[in-house]
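In: Sequence first, predicted coordinates after that:
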Amino acid sequence: MNKLTKILETTLIPVMNKISNQRHLGAVRDGLIATIPLTIIGAIFLLIPTFPWPQSYVQFMADSPKIVSVLMIPFQLTLGLLSVYVSFGIGLKLAKSYGFDGLAGGISATLTFFTTIGFTALEEGSFLSTAYLGGEGMFTAIISAIFAVEIIHLCEKLNWKIKLPASVPPNVGSSFDSLIPITISVTLMAIIVHWFGFDINQLISTIITPLLGASSDSIFLPLIYVTLTALMWFVGIHPAVLAAVLTPIWMVNSTANMAAVVAGTPIPHIGVQPFIFTFLWIGGGGGTLALCLYMCFSKSQSLKSLGRLSIVPSIFNINEPILFGVPIVLNPILIIPFLLGPIICTIITYIAFTSGLVQGMGYPLAAAWNFPSFIAGPLCTAHWSGAVLVIINFIVYCLVYYPFFKVFEKRTLEEEGGLENEVQ
């Protein structure tokens with residue numbers, strides 16, 4: 001075990017630390033996190049008119065097109081414009097990471113993203129296509145935001161600024177500082193997309209997005225995810241970097257799933273965030289709610305106290321008290337079920353969704369990661385089978401953790417007995 005720890009410390013930790021501290025990845029992560037309230041609102045407003053049962057409710061909505069059309073407005077203004085918000089959020093966060101004006105970075109990023117789309121002229125007037133303003137334009141929004149802020153960074157290094165008299169108020173002067181970089185980024189993007197005809201959105205939506213979507217829908221990606229999560233927690237690294245890498249893919253797949261609900265077509269993707277955060281992370285990373293429940297009734301006073309203090313956070317998928325309090329970090333006994341349980345549940349969950357035994361996740365953004373899994377499961381699938389899958393996985397975790405917990409409990413009781421003897 002010491003040899004494994006040393007290998008992880010010399011290979012995994014430096015790589016993950018470097019990735020987690022990467023400026024652009026951090027901006028993408030923070031920009032996407034900022035849109036969580038919007039995605040939840042949009043998903044809920046989609047869920048209300050399209051909830052599939054009971055039949056009387058379905059019929060009521062079918063007979064009430066005006067109610068449905070009103071309810072769909074918040075959906076279109078949130079998830080239908082998601083890439084717009086993402087471009088602004090990433091631009092703002094990335095600009096701030098450089099010490100620049102965040103508002104200027106957000107505006108430049110959004111304008112640059114809009115430039116990749118352009119207007120269509122019709123007899124009625126000019127119209128901006130909404131085809132890439134939602135999830136389809138997610139990766140273009142990320143690229144546009146990084147491109148725009150890097151232009152600002154370049155202009156700052158070269159000191160390309162409009163010089164204004166000292167009497168000009170600072171807020172006015174700072175707004176003119178961004179004039180040159182915004183002009184450059186928009187001009188370059190317009191030339192690339194509209195002069196040379198290099199349609200970034202079409203390239204990404206026809207080649208890159210399907211490839212990423214297909215890889216995320218395979219069983220290998222979640223297996224890799226849960227394995228890396230266990231290894232990172234074992235050496236005390238928070239695996240947030242993994243979610244940061246996959247969140248853009250999950251978001252694109254989520255919007256595609258919700259669009260399928262609106263269109264009445266089959267749910268296309270299982271590679272969305274609830275696959276892991278709802279159906280696998282029952283109680284947090286490693287599915288530790290089962291472990292916490294055992295601790296609440298442990299013969300060990302220390303484990304019992306920690307379990308009872310941690311049970312409420314664990315229900316909401318917050319398990320840092322368990323990870324660092326038990327601890328699971330550098331624990332050669334509990335790391336085995338911490339890895340084995342998610343691997344087994346990944347296989348069960350994958351089979352359940354791909355076989356159609358569980359309804360597809362048509363509302364994957366309706367529940368945030370800290371929603372209790374027993375609620376989030378039926379909510380993101382809009383079907384009772386989602387709750388059944390959570391219960392089955394929870395039972396699996398209970399079975400997997402039990403023998404290892406009993407071994408760990410016995411060792412803890414021996415240590416507690418030894419301490420009592422020393423005190424006496």
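Out: That came through fine.
In: okay, CA-based contacts and neighbour counts for the rest of this
Out: Noted.
In: quick one: residue 121 is in a strand?
Out: Yes: the assignment for residue 121, made by DSSP: H, G, I helix; E, B strand; the rest coil, places it in a strand.
In: residues contacting it?
Out: Residue 121 is in contact with residue 127, counting by CA atoms under 8 Å, 6 or more residues apart in numbering.
In: who's it bridged to?
Out: Here residue 121 sits in beta bridges with residue 126, going by DSSP bridges.
In: Give me the distance between it and residue 128.
Out: When CA to CA, to the nearest Å is applied, the distance between residue 121 and residue 128 equals 9 Å.
In: Helix, strand or coil: sort out the residue sitting nearest the centre point of the chain for me.
Out: Within the chain, one residue has its C-alpha closest to the average C-alpha position: by CA atoms, centre = their mean, that is residue 247, at 4.0 Å. Taken by three-state DSSP, the conformation at residue 247 corresponds to helix.
In: Contacts only, for the closest residue to residue 58 other than its chain neighbours.
Out: Once flanking residues are discounted, residue 58 sits nearest to residue 52: 6.1 Å by CA to CA, 6 or more residues apart in numbering. Shown here is residue 52, whose contacts under the criterion CA under 8 Å, 6+ apart are 58, 382-383.
In: Please apply the same query to residue 323.
Out: By CA under 8 Å, 6+ apart, the neighbours of residue 323 are 233, 329.
In: hmm, back to that, which helix or strand contains the residue nearest to residue 58?
Out: Using DSSP states H and E, residue 52 sits in no helix or strand.
In: which residues of the stretch 1-150 of the chain fall in strands?
Out: For the stretch 1-150 of the chain, the strands identified by DSSP state E, counting those that start in this stretch occupy 119-122, 125-128, in order along the chain.
In: export those to CSV and tack on mean pLDDT and distance to residue 375?
Out: Output for the strands of the stretch 1-150 of the chain, formatted as CSV (pLDDT from 0 to 100; distance: least, CA to CA, whole Å):
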stretch, mean pLDDT, distance to residue 375
strand 119-122, 77, 43
strand 125-128, 82, 39
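In: With distance to residue 343 as new columns, can these be given to me in JSON lines?
Out: Listed next are the strands of the stretch 1-150 of the chain as JSON lines, based on distance: least, CA to CA, whole Å:
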{"stretch": "strand 119-122", "distance to residue 343": "48"}
{"stretch": "strand 125-128", "distance to residue 343": "45"}
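In: Which one, of those strands, ends up nearest to residue 160?
Out: Each of those was scored for nearness to residue 160 using CA to CA, and the closest is strand 119-122 (30.2 Å).
In: So which of the strands of the stretch 1-150 of the chain is nearest residue 82?
Out: Once the strands of the stretch 1-150 of the chain are compared by CA to CA, strand 125-128 is nearest, at 15.1 Å.
In: Which elements pack onto the closest one?
Out: strand 119-122 (3 or more CA pairs under 8 Å, 6 or more residues apart in numbering; DSSP states H and E).
In: Please compute how far the strand it packs on lies from its chain's middle.
Out: A distance of 35 Å separates the centroid of the chain from that of strand 119-122, by CA atoms, centre = their mean, to the nearest Å.
In: Can you spell out the domain ranges of this protein, please?
Out: Following automatic domain parsing, one finds the domains of the chain at 34-199, 220-423.
In: To residue 25, which of those lies closest?
Out: With CA to CA as the measure, domain 220-423 is the member of those nearest residue 25 (7.1 Å).
In: and the closest one, what's its mean pLDDT?
Out: pLDDT averaged over domain 220-423 equals 92, rounded to a whole number.
In: just checking, residue 141 touches residue 89?
Out: No: between residue 141 and residue 89 no contact is recorded; they are 10.0 Å apart, counting by CA atoms under 8 Å.
In: Give me the next element, helix or strand, following the host helix or strand of residue 211.
Out: Following DSSP H and E, the helix or strand that holds residue 211 is helix 209-216. Counting by DSSP H and E, the next helix or strand C-terminal to helix 209-216 is helix 220-234.
In: That following helix: which residues count as buried?
Out: Of the residues in helix 220-234, those scored as buried under the neighbour-count criterion (16 or more other CA atoms under 10 Å) are 222-223, 225-234.
In: same thing with stretch 50-58?
Out: Buried positions in stretch 50-58, judged by neighbour count with 16+ other CA under 10 Å: 50-51.
In: sorry, back to before: relative to residue 40, which of the strands of the stretch 1-150 of the chain is closest?
Out: Relative to residue 40, the nearest member of those by CA to CA is strand 125-128, separated by 25.5 Å.
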